[in-house]
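J.: Fold the following for me, if possible:
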Amino acid sequence: MEYNPKPIDISNIEIDNELNDLLECLAKNSHDMWAQRRISDGWTLGDKRDDERKRHPGLIPYERLPESEKEYDRISVVSTLKAIIALGYKIQK
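T.: From the prediction side, this is the model:
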């Protein structure tokens, strides 16, 4: 069986600057959900990632993450927000 992914086309979608606070809140939430799953699975903070010993340097609050790690979470959120908009939904507060 061949898998041919067909993601929603978000190439022409722009995120309004008014959504920046939402984007950052969702990025933090994404990190917190990931960290919660890891901790529940027995992972602890470590200087470097060690799958065998279940250690990860990213098990820290979002605010203390390096910008490169925060950007990883933001990219995922931006893609999701763009997909929601591309599907015709509006995001309002």
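
J.: Leaving out sequence neighbours, find the closest residue to the residue nearest the centre of the chain.
T.: The residue lying closest to the centre of the chain (Cα atoms, centre = their mean) is Asp73, at 3.0 Å. Distances taken as Cβ to Cβ, 6 or more residues apart in numbering put Ala27 closest to Asp73, at 3.9 Å, once the chain neighbours are dropped. No exception for glycine: its C-beta is placed from N, CA and C like everyone else's.

J.: dump the residue contacts of the one you found.
T.: Tyr62, Lys70, Asp73, Arg74, Ser76, Val77 (Cβ atoms under 8 Å, 6 or more residues apart in numbering).

J.: among the residues you listed, which ones are buried?
T.: Tyr62, Lys70, Asp73, Arg74, Val77 (16 or more other Cβ atoms under 10 Å).

J.: Dump those residues into CSV; add secondary structure as well.
T.: As requested, these are exported to CSV (DSSP: H, G, I helix; E, B strand; the rest coil):
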residue, secondary structure
Tyr62, helix
Lys70, helix
Asp73, helix
Arg74, helix
Val77, helix
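
J.: what packs against the helix or strand where Glu71 lies?
T.: When elements are assigned from DSSP states H and E, Glu71 belongs to helix 67-86. If contacts are counted by 3 or more Cβ pairs under 8 Å, 6 or more residues apart in numbering; DSSP states H and E, helix 67-86 sits against helix 20-40.

J.: relative to helix 67-86, how tilted is the helix it packs on?
T.: Compare the direction of helix 20-40 with that of helix 67-86 by axes from the mean of the first three to the mean of the last three Cα atoms, to 10 degrees and you get 120 degrees.

J.: ok so, going back, so which of the buried ones among the contacts of Ala27 comes closest to Gln36?
T.: Tyr62 (12.1 Å; Cβ to Cβ).

J.: Tell me if I'm right that the closest one and Arg74 touch.
T.: No: using Cβ atoms under 8 Å, Tyr62 is not in contact with Arg74; the gap is 10.7 Å.

J.: Could you name the residue of the chain that is farthest from its center?
T.: Met1 (29.8 Å).

J.: Look up how far Ile39 lies from it.
T.: According to Cβ to Cβ, to the nearest Å, Met1 and Ile39 sit 36 Å apart.
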